[in-house]
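Undergrad: Task: produce atomic coordinates for the following.
(one chain, ligands or ions: 1)
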Amino acid sequence: MSRSALIVGNWKMYKTVAEGLELATAIKNATAPTVRGREIAVAIAPPFTALYPIGKRLEGSTVALAAQDCFWEAQGAFTGEVSAAMLADVGCRFVIVGHSERRQQFGETDAAVNLKAKAILKAGLSPIICVGETEKERDAGEMRGRIISQLAEGLFGFTSEMAQRSVIAYEPVWAIGTGRVATTEQAQEVHALIRQYLHAQLGEVAQSVRILYGGSVKPNNIAGLMAQPDVDGALVGGASLRAEEFLQIVRFHEAPATS
Ligand code: 13P
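TA: Purely as a prediction, here's the structure:
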């Protein structure tokens, strides 16, 4: 079963509108829908303030727009929040939910992730649902249990059609922003675990759900990760903030792993 690859740049809380437009334009101008015959989809997730102008700039290109979070209600008196429908309105196709930074620093729970993911799907967009264990959990032998419980609660009530339109991102917390990428074996082990879980819950659709790896992805480690049978793409943080570095990751077929 071949799944098209997806590389997503998560800009986190970086880039003004002017800086974001410059980066998005460079990515747009250099991105082709296929790299050496393989379909590679590309998305960028700027901060909320830059979504609208960057969405306009990306119109007609193959680069998709993504948001980094949303609230689950469609509208209402929720000061400071943004709904999935509002994100669709400015051209988003994807919304990241459950990122470990939101879980750790803003108290996002698995129940909230579930409500957000459902709202995103209802708005016609695709959630990128993040899961991942901390170093302490891994060291205590709790990695598998942690991943499964995040999936069970985050995808609670999902039909196979909802799963089909969703993307899962495995982001080990210890690998985010640390330069300590998971080994290819560690990534494949967890990606296979996620796919097995999806298969047990939802059946054959598991084969078509894209599972991305995130955590210190760089131009020199992307090819090894992408060579794993259950790694379908990447969620890139720091290395997505410079066009040249991000584009090297997108074109991983052309730059074989050097380490
Ligand atoms: P880094 O690539 O900077 O480790 O960040 C990963 C991440 O959190 C992407 O969502």
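
Undergrad: Ends of stretch 159-176, what's the gap?
TA: Terminal residues of stretch 159-176 are spaced 30 Å apart (C-alpha to C-alpha, to the nearest Å).

Undergrad: Can you name the residues of the stretch 151-259 of the chain sitting close to the ligand?
TA: 171, 176-177, 214-217, 235-239 (C-beta under 6 Å from any ligand atom). C-betas here are computed from N, CA, C, even on glycine.

Undergrad: Rebuild those residues as CSV, extending it with neighbour count.
TA: Output for these, formatted as CSV (neighbours: other C-beta atoms under 10 Å):
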residue, neighbour count
E171, 26
I176, 20
G177, 12
G214, 27
G215, 27
S216, 21
V217, 29
L235, 27
V236, 27
G237, 22
G238, 18
A239, 19
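
Undergrad: quick one, phi psi at N114?
TA: Main-chain dihedrals, N114, degrees, to the nearest 10: phi -60, psi -50.

Undergrad: Please apply the same query to A41.
TA: Dihedral angles of A41 (phi, psi; degrees, to the nearest 10) stand at phi -90, psi 140.

Undergrad: who does the residue lying closest to it once chain neighbours are set aside bridge with?
TA: In space, A41 comes closest to L6 once its chain neighbours are excluded; the distance is 4.6 Å by C-beta to C-beta, 6 or more residues apart in numbering. Beta bridges link L6 to A41, G233, judged by DSSP bridges.

Undergrad: How many residues are close by L6?
TA: For L6, the number of neighbouring residues by other C-beta atoms under 10 Å comes to 23.

Undergrad: and if you look at the one 10 residues further on?
TA: Other residues within reach of T16 by the criterion other C-beta under 10 Å amount to 11.

Undergrad: OK, contacts around the residue lying closest to it once chain neighbours are set aside?
TA: Leaving aside its sequence neighbours, T16 sits nearest to A50 (C-beta to C-beta, 6+ apart; 7.4 Å). By C-beta atoms under 8 Å, 6 or more residues apart in numbering, A50 lies in contact with 15-17, 20-21.

Undergrad: need the residues you listed in CSV with secondary structure, can you?
TA: CSV is the format used below for those (DSSP: H, G, I helix; E, B strand; the rest coil):
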residue, secondary structure
K15, coil
T16, coil
V17, helix
G20, helix
L21, helix
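
Undergrad: buried subset of these?
TA: Burial by neighbour count, 16 or more other C-beta atoms under 10 Å: within the contacts of A50 this picks out 15, 20-21.

Undergrad: Sheet-wise, list the partners of the one helix or strand in the chain whose mean pLDDT sits lowest with their directions.
TA: Between all helices and strands in the chain, the lowest mean by mean pLDDT, DSSP states H and E belongs to strand 34-35, at a mean of 71. Looking at strand 34-35 with DSSP bridges, its partner strands are strand 38-45 (antiparallel).

Undergrad: mind putting the buried ones among the contacts of A50 in a markdown table, distance to F94 and pLDDT included?
TA: Formatted as a markdown table, these follow (distance: C-beta to C-beta, whole Å; pLDDT from 0 to 100):
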| residue | distance to F94 | pLDDT |
| --- | --- | --- |
| K15 | 18 | 98 |
| G20 | 16 | 98 |
| L21 | 19 | 98 |
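
Undergrad: ok so, going back, where's the residue nearest to T16 relative to the ligand, distance?
TA: Using C-beta to the nearest ligand atom, to the nearest Å, one gets 17 Å for the distance from A50 to the ligand.
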